[in-house]
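In: dropping a prediction and its sequence here:
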Amino acid sequence: MTRRTSKPLRIGKVTVGGDAPIVVQSMTKTDTRDIPATVNQIKELEICGCEIVRVAVPDRQAAESLVTIRQNVSLPIIADIHFDYHLALAALKAGVDGLRLNPGNMGDREQIARVIAAAKERDVPIRIGVNAGSLPASFQPKAPLAERMANMALEQIRLMEDLGFHLIKVSLKAFDVPTTIQAYQMIADKIPYALHLGVTEAGLPRTGAIRSAIGIGILLYQGIGDTIRVSLSAHPCEEVFVAYEILKSLGLRQRGPTLVSCPSCGRAEVDIITLAEAVSKRLKKISKPIKVAVMGCVVNGPGEAEDADVGIACGKGKGAIFRKGKVVGTVSEDKLLEALMAEVNSLDKR
Ligand code: SF4
């Protein structure tokens, strides 16, 4: 995978683009005016691995809440602004680390110029966040959707560049996966700026994770993308979990354990599905990037268990426990979970 070259920029303490690791973002789902709830959710997000958080700024009170929220959390905050440039100015005044502007509902040059001037003064980057759902119907109505999205971003980029502003990041999100991929591909070699990837409104966790993995995963595999957000109708930590699974699947980031488990079949002589679910639940408490294998029989079991840091290869009512490629014991089915986790825990403490 050769990564597209992009201009790095700083969102608070986090670098996005250039050679920096692909950054994982999410968005709070609290009412931003409810300061304690928003602060709590940002703290939860930080614990689960989120690196930059976006918050909705629907009105002046929400913008003003950002002052206290900013003082009480350490994750960089991006203010999500639509319709009203005054809210962007208020968010910048409140001390946010980045802005997201939607060119689909904020196109007035004079107003954008005022926001740019304030962002420039504070060295705050702006994401041009194009969303298929909020493209004005009058904008290049005859062109295909992906092209309209890319062209809308290019138009906004030109406006910002004309104003001498280059702290730019771009996203082109649609619900339709091929449209999303095409839009990013169209713009990737036309601009030097970092790209934030996402498939918008991807849905409930199961289907949303799949849509996101395909859309974001294909682009990342082509070297496109500097930061990602998985949009799910779920707690934002679920978004962060899926984002890391996408990055881990492509070998782009490591965080927490990876579970290799066989699907089970007629050869399995222990209840692999129940065992894998129990292991997965217990692994949530492990922070090190340990590879754990739970395998049902001798067909692929010993190979995968040997390859993992810790593994089980099951036989009839029992299983061999592997650690770093060597068998360290054989235990009965009822003791498999505890024996496996004892090995995992001892590696996690090292
Ligand atoms: Fe079936 Fe064994 Fe493969 Fe698991 S490892 S799916 S039990 S053949």
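Out: Great, that's in hand.

In: now do the helices in the stretch 201-350 of the chain.
Out: 205-221, 236-249, 272-283, 301-307, 336-349 (DSSP state H, counting those that start in this stretch).

In: and among those, the most buried is which?
Out: helix 236-249 (a mean of 22; mean count of other Cβ atoms under 10 Å). The C-beta positions use only the backbone N, C-alpha and C, and glycine is treated the same way.

In: mean confidence score for that one?
Out: Rounded to a whole number, the mean pLDDT of helix 236-249 is 96.

In: returning to that earlier point: and the helices of the stretch 201-350 of the chain, which one is worst for confidence?
Out: helix 301-307 (a mean of 84).

In: the residue in the chain positioned nearest to the ligand: what's it in contact with?
Out: In the chain, the residue that lies nearest the ligand is G296 (2.7 Å; Cβ to the nearest ligand atom). By Cβ atoms under 8 Å, 6 or more residues apart in numbering, G296 lies in contact with C262, S264, C265, R267, A268, E269, V270, I272, C314.

In: need phi/psi at the closest residue to it other than its chain neighbours.
Out: Computed as Cβ to Cβ, 6 or more residues apart in numbering, the closest residue to G296 that is not its neighbour in sequence is A268, at 3.6 Å. Torsion angles at A268 (phi, psi; degrees, to the nearest 10) stand at phi -60, psi 140.

In: these two touch, right, A268 and V299?
Out: No - in this structure, A268 is not within contact of V299 by Cβ atoms under 8 Å, at 9.8 Å.

In: neighbours of the spatially closest residue to S287 that is not a sequence neighbour, how many?
Out: Nearest non-adjacent residue to S287, counting by Cβ to Cβ, 6+ apart: G256, 6.1 Å away. G256 has 19 neighbouring residues, counting by other Cβ atoms under 10 Å.

In: ok, the one 3 residues further on next?
Out: Summarising burial for L259: neighbours were counted as other Cβ under 10 Å, giving 15.

In: quick one on the thing from earlier: could I get the helices of the stretch 201-350 of the chain in JSON lines, plus columns for distance to T68?
Out: Supplementary listing: the helices of the stretch 201-350 of the chain in JSON lines, determined by distance: least, Cβ to Cβ, whole Å:
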{"stretch": "helix 205-221", "distance to T68": "31"}
{"stretch": "helix 236-249", "distance to T68": "20"}
{"stretch": "helix 272-283", "distance to T68": "36"}
{"stretch": "helix 301-307", "distance to T68": "49"}
{"stretch": "helix 336-349", "distance to T68": "36"}
